[in-house]
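Q: below are the sequence and a predicted model; questions follow.
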Amino acid sequence: MGLQLYDTYSRQLREFQPLNPPTVGLYTCGPTVYDYAHIGNLRTYIFEDILRRVLEFNGYNVLHVTNITDVGHLTSDADEGEDKMEKGSKRTGKTAWEIAELYTQAFKADLERLNVLEPKVWCRATDHIQEQIEFIQGIEAQGFTYRTADGIYFDTSRLSDYGFLARLDIEGLQAGARVAMAEKRNLTDFALWKFSPTDQTRQMEWDSLWGRGFPGWHIECSAMSAKYLGTFFDIHCGGEDHIPVHHTNEIAQTQACHGTHLANFWMHGYFLQLDDAKMAKSSGEFLTIQRLVDRGYDPLAYRYFCLNASYRAKLNFTWQSLDGAGTALNRLRTISHGWGEAGIPDDSYIQRFTSHVNNDLNMPQTLALTWEMVKGDLPDDTKKATLTEFDKVLGLQLADWSPITDTIPEEIMALAQQRHQARLEKRWQDADQLRDQLMAAGYSVKDTPEGPQVNSNE
Ligand SMILES: Nc1ncnc2c1ncn2[C@@H]1O[C@H](COP(=O)(O)OP(=O)(O)OP(=O)(O)O)[C@@H](O)[C@H]1O
Ligand SMILES: [Zn+2]
């Protein structure tokens, strides 16, 4: 059986077939760079990384595109409130451009620490203003837009299946509406272009044929995915919160302009929760990768923790489970390091592994299989080779790991051994001199019942 993926659009598992084999177009909605990413955001990027690795494991060539939202995402997803970037600028005292750069770099560094593969294309919203303007013109030409005092809006009532992705009950929504509509014609209408306020200047604004302003949040993804992947490509991903608003509106825009629902598969990662509530920047403890590192955790322990659950299930974060993941990861590292050189992978395990990862990225089953293989009775070199194959998807960097003592150079270990010998023979002067030599080279030595223990002073 081939690769089965759950498609939110059709609400079913579907067999994945690329539109243009062997290439797979993958678009993953990126961060709004007004603050550090929390580990909840990063759970979604780990899920998308597993997806990418599984596609590559199946022999596809993945053209992976991720955007950076550095303008236009307002504090409410419904086009109200302040631009998150301008808000971040006030909070930090830096310009919106400076914080965009700062948090983009911090985000990329977090991904690297989690061994998330870099997309082939990074695209910033502010580098694609012209493409967004042209896309809005396309929508306008099809008659889907109208103008209000604060911007150009998309008329969602013009699409008979608006909201299909989220199975939105439009009539129910309208009836229960509590929010002021201002000049919006329908509750679900959204901004394509917002005008700059007349009484204040924005840091990020551009001229357009409609007036000076900035793009709405959703248009960047329709415009940039069309530029890099075409107007109908293989897979589009994001977190579950993107289903009812952001992705629904991306689809509406592309449908209006190009008549497609943008991607063949829509896939969504479910939330990381803290005390049974969504982890968010605005509420609860703001946990970043750096916070975990400061508390002595390896970022890859967090990756392992995420692999314990299906991407389609909410996952509760606890320190205890992170400890458990860290312990399991270290056991895996130590055991596999002890196996020595790799031989040839075991076919039957590789087949079972493939069927688990191809079963909608079933990581809990995959981890269980990994431990079954590790504890089983295959020869060590076969185990090593099999695990190395598995790790192409798990991404735990097992082959790169070695115990700290392995990094002590041989000549230093030899000096420590000579000192040990001198001590046994009670040649105290020689022993002290050898210790000084080790110190000068940047190492300290501790005498333990098991013999000398050498540590780097770095
Ligand atoms: N708790 C969470 N668990 C998993 N994914 C999340 C969580 N919160 C947000 N995401 C996802 O993280 C990605 C980046 O989102 P973005 O940078 O816009 O964060 P955000 O929406 O500002 O975060 P927050 O909602 O915490 O303020 C999106 O795909 C989003 O769906
Ligand atoms: Zn998007």
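A: Happy to help now that I have it. Ligands and ions are numbered 1, 2, ... in the order given.

Q: what segments of the stretch 251-400 of the chain are strands?
A: Secondary structure of the stretch 251-400 of the chain, counting by DSSP state E, counting those that start in this stretch: strands at 263-269, 272-274, 277-278, 315-316.

Q: and the residue of the stretch 201-350 of the chain nearest ligand 1?
A: Here the stretch 201-350 of the chain gets closest to ligand 1 at one residue, G239, 2.0 Å apart by Cβ to the nearest ligand atom. From N, CA and C alone the C-beta is placed, and that goes for glycine too.

Q: which one is G338 nearest to, not counting chain neighbours?
A: In this structure, G338 finds its nearest non-sequential neighbour in D380, 7.8 Å apart by Cβ to Cβ, 6 or more residues apart in numbering.

Q: then Q142?
A: Nearest non-adjacent residue to Q142 (Cβ to Cβ, 6+ apart): A256, at 5.2 Å.

Q: just L315 next, same as before
A: Nearest to L315 is A309, by Cβ to Cβ, 6+ apart, at 4.4 Å.

Q: tell me how many other residues crowd the one you found.
A: Neighbourhood size, A309 [other Cβ atoms under 10 Å]: 18.

Q: where does it land on pLDDT?
A: pLDDT for A309: 98.

Q: likewise for P409?
A: Looking at P409, its pLDDT stands at 82.

Q: roughly how far apart are it and ligand 1?
A: Distance, P409 to ligand 1, using Cβ to the nearest ligand atom, to the nearest Å: 43 Å.

Q: ok, now Q397?
A: In terms of Cβ to the nearest ligand atom, Q397 sits 23 Å off from ligand 1.

Q: surely that residue and L300 touch.
A: Yes. If you go by Cβ atoms under 8 Å, Q397 and L300 touch, sitting 6.5 Å apart.

Q: what sits in contact with each of those two?
A: The contact sets of Q397 and L300 overlap at N115 (Cβ atoms under 8 Å, 6 or more residues apart in numbering).

Q: what packs against the helix or strand hosting L26?
A: Element membership for L26, per DSSP states H and E: strand 23-28. Helices and strands touching strand 23-28, by 3 or more Cβ pairs under 8 Å, 6 or more residues apart in numbering; DSSP states H and E, are helix 39-57, strand 61-68, helix 219-229, strand 233-239.

Q: which one of these lies nearest to ligand 2?
A: Each of the helices and strands packed on strand 23-28 has some distance to ligand 2 by Cβ to the ion; the shortest is helix 219-229, at 3.2 Å.

Q: what does that closest one rub up against?
A: Under the criterion Cβ under 8 Å, 6+ apart, residues 25, 27, 29, 63, 65, 67, 69, 72, 121, 123, 125, 128, 131-132, 134-136, 192-193, 233, 236, 246, 250, 253-254, 257-258, 262-263 lie in contact with helix 219-229.

Q: please apply the same query to stretch 203-218.
A: The contact list for stretch 203-218 (Cβ under 8 Å, 6+ apart) reads 69-74, 77, 79, 83, 85-86, 89, 95-97, 125-126, 129, 132-133, 136-137, 147, 151-152, 190-196, 202, 246, 249-250, 253.

Q: filter those down to just the buried residues.
A: Buried positions within these, assessed by neighbour count (16 or more other Cβ atoms under 10 Å), are 69-74, 77, 79, 83, 85-86, 89, 96, 125-126, 129, 132-133, 136, 151-152, 190-196, 202, 246, 249-250, 253.

Q: contacts with ligand 1 among the contacts of helix 219-229, please.
A: Applying Cβ under 6 Å from any ligand atom, the subset of those adjacent to ligand 1 comprises C29.

Q: let me see the domain layout of the protein.
A: 4-269, 274-400, 410-456 (automatic domain parsing).

Q: the longest one: how far from the chain's middle?
A: Mean-position distance between domain 4-269 and its chain equals 15 Å (Cα atoms, centre = their mean, to the nearest Å).

Q: for the stretch 301-450 of the chain, what are the low-confidence residue spans?
A: Scanning the stretch 301-450 of the chain with the threshold set as pLDDT under 70 gives 404-406, 448-450.

Q: now it against ligand 2: closest residue?
A: Residue nearest to ligand 2 within the stretch 301-450 of the chain (Cβ to the ion): Y311, separated by 17.7 Å.

Q: what is the burial count for the residue nearest to D381 when sequence neighbours are not counted?
A: Excluding the flanking residues, the one nearest D381 by Cβ to Cβ, 6+ apart is G343, at 3.2 Å. A count of nearby residues for G343, using other Cβ under 10 Å, gives 16.

Q: would you mind naming what in the stretch 201-350 of the chain lies close to ligand 2?
A: C221 (Cβ under 5 Å from the ion).

Q: switch the cut-off to 6 Å
A: Taking Cβ under 6 Å from the ion as the contact definition, the stretch 201-350 of the chain meets ligand 2 at 221, 246, 250.

Q: verify the stated contact: Q253 with Y153.
A: No. Checked against Cβ under 8 Å, the pair Q253 and Y153 is beyond contact range at 11.8 Å.

Q: common neighbours of the two, please.
A: Common neighbours of Q253 and Y153 (Cβ under 8 Å, 6+ apart) are L192.

Q: dump the strands of the stretch 251-400 of the chain to a markdown table, plus mean neighbour count.
A: Formatted as a markdown table, the strands of the stretch 251-400 of the chain follow (neighbours: other Cβ atoms under 10 Å):
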| stretch | mean neighbour count |
| --- | --- |
| strand 263-269 | 23 |
| strand 272-274 | 20 |
| strand 277-278 | 14 |
| strand 315-316 | 16 |
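
Q: hey, least reliable of those by pLDDT?
A: Looking at the strands of the stretch 251-400 of the chain, the bottom one is strand 277-278 with a mean of 87.

Q: that one and ligand 1 in contact?
A: Yes. Strand 277-278 is in contact with ligand 1 by Cβ under 6 Å from any ligand atom, via K278.

Q: ok so, going back, mind checking which of the buried ones among the contacts of stretch 203-218 land in strands?
A: When DSSP state E defines the strands, the subset of the buried ones among the contacts of stretch 203-218 inside them is 74, 83, 151-152, 190-195.

Q: what's the most distant pair in these?
A: Farthest-apart pair in those is D83 and I152; separation 16.6 Å (Cβ to Cβ).
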